[in-house]
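Visitor: Quick one: sequence plus predicted model below, questions after.
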Amino acid sequence: MRRSILLAALAALSLAACSPQTLTLSVDMRYPSKSGVDLSRKTMSIVYMDDGTADSTFSNAVASSLARSLEKDYFRGEENIGVYKIPSDSVSLDLMHRLVMDTGDDVVFLLGPPAFGEVSLGANTAVQNPKNVDSAFVAQAQIPYNARLFVYDSMDKDDNLRIFRGSSVLRTPVYNNGVTAKEYLASEALKVKDSGADMVGAQMSNRFVPTWKTEGYSLYYYDGFETKWVDAAYLAYDFQWKKAADIWMALSAAGSYTKRACACYNTALAFYMMGDLSIATKWLDRADGYEPLSLSPGLRKRIEARK
């Protein structure tokens, strides 16, 4: 959740202080990624298969790049995602279960061995001011790359193994003396392909980063001499939901049934924003027990949708 703009503030000021008023906030809410995998508040690890060839160096670089990209979105750039390797093996749910046990993480990404296509070379062009004869010309090489990424979320009640496939083209310059055989240039291109691993890992992460939607949320407050209600409303506007909830929880034990219902509803909204849906539901049930409020059905629908 990120702070955005205030859509409407301190509505209906002409009403009597004994009537609840509403404050509406515009909030950017985080939703699962395009892949459908919800990685919020989960630990992760990335495992790549080592088939005993030099290509495992490329796989390690891709896995490390994928880890860094996910860390930017889910861990504020802190290094929290481990990168491991295993021998090449057939992929199954049993294997993913073992990897979850071995890593101790909620979600495991397993990168299959890389598959490279035939190298294509562009025309040789002369280099201005070459350092030596062997770098007097340069040809642009393109290397097709196909990837398989297996994702297992141990917290998914359906116990599904998801498989994602993707392709990319690695591009790299190959310097030469102008008369070197194309077959040799192609083999040289494969040797320097690792320079494109960062790009591949970043491209993979795009499918798993969260999506954002701007949504409006309303809460209740009392104006006039009800300073605690106003203080809590300002804390909510500043997205300090824990501090606001502490005030609302205290207010839920005093005053009329309407005030208690409003305080309980606001507390439910705070816990919803903090990601604790079960506690949010309990406070919303308590609010409905005091008095049905017009905002309650909408919040309950949102809670159930996020569950």
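Guide: Thanks, I have it. Remember, predicted model here, so these are calculated numbers, not experimental data. Residues are numbered from 1 along each chain as shown.

Visitor: Which positions in stretch 288-295 come out as buried?
Guide: Buried residues in stretch 288-295, counted by 16 or more other CB atoms under 10 Å: Asp288, Tyr290, Glu291, Leu293, Leu295. No exception for glycine: its C-beta is placed from N, CA and C like everyone else's.

Visitor: just stretch 213-230 next, same as before
Guide: By 16+ other CB under 10 Å, the buried positions in stretch 213-230 come out as Tyr217, Ser218, Leu219, Tyr220, Tyr221, Tyr222, Asp223, Glu226, Trp229, Val230.

Visitor: partner residues bridging the fourth one?
Guide: Spelled out, it's Tyr220. In this entry, Tyr220 is beta-bridged to Thr22, by DSSP bridges.

Visitor: Tell me which helix or strand comes right after the longest helix that the chain contains.
Guide: Among the segments of the chain that qualify as a helix by DSSP state H, the longest is helix 55-74. Next along the chain after helix 55-74, taking DSSP states H and E as the criterion, comes strand 82-87.

Visitor: Return the alpha-carbon coordinates of the longest helix of the chain using PDB.
Guide: Output in PDB follows, covering the C-alpha atoms of helix 55-74 (Å, rounded to 0.1, in the frame of the first residue of the first chain):
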ATOM      1  CA  ASP A  55      25.900 -23.200 -19.300                       C
ATOM      2  CA  SER A  56      25.400 -23.500 -15.600                       C
ATOM      3  CA  THR A  57      27.300 -20.300 -15.200                       C
ATOM      4  CA  PHE A  58      24.700 -18.600 -17.300                       C
ATOM      5  CA  SER A  59      21.900 -20.200 -15.200                       C
ATOM      6  CA  ASN A  60      23.500 -18.900 -12.100                       C
ATOM      7  CA  ALA A  61      23.700 -15.400 -13.500                       C
ATOM      8  CA  VAL A  62      20.000 -15.500 -14.500                       C
ATOM      9  CA  ALA A  63      18.900 -16.800 -11.100                       C
ATOM     10  CA  SER A  64      20.900 -14.200  -9.300                       C
ATOM     11  CA  SER A  65      19.400 -11.400 -11.500                       C
ATOM     12  CA  LEU A  66      15.900 -12.800 -10.900                       C
ATOM     13  CA  ALA A  67      16.600 -12.700  -7.200                       C
ATOM     14  CA  ARG A  68      17.800  -9.100  -7.200                       C
ATOM     15  CA  SER A  69      14.800  -8.000  -9.300                       C
ATOM     16  CA  LEU A  70      12.300  -9.600  -6.900                       C
ATOM     17  CA  GLU A  71      14.100  -8.200  -3.900                       C
ATOM     18  CA  LYS A  72      13.600  -4.700  -5.200                       C
ATOM     19  CA  ASP A  73       9.800  -5.200  -5.200                       C
ATOM     20  CA  TYR A  74       9.200  -7.400  -2.200                       C
END
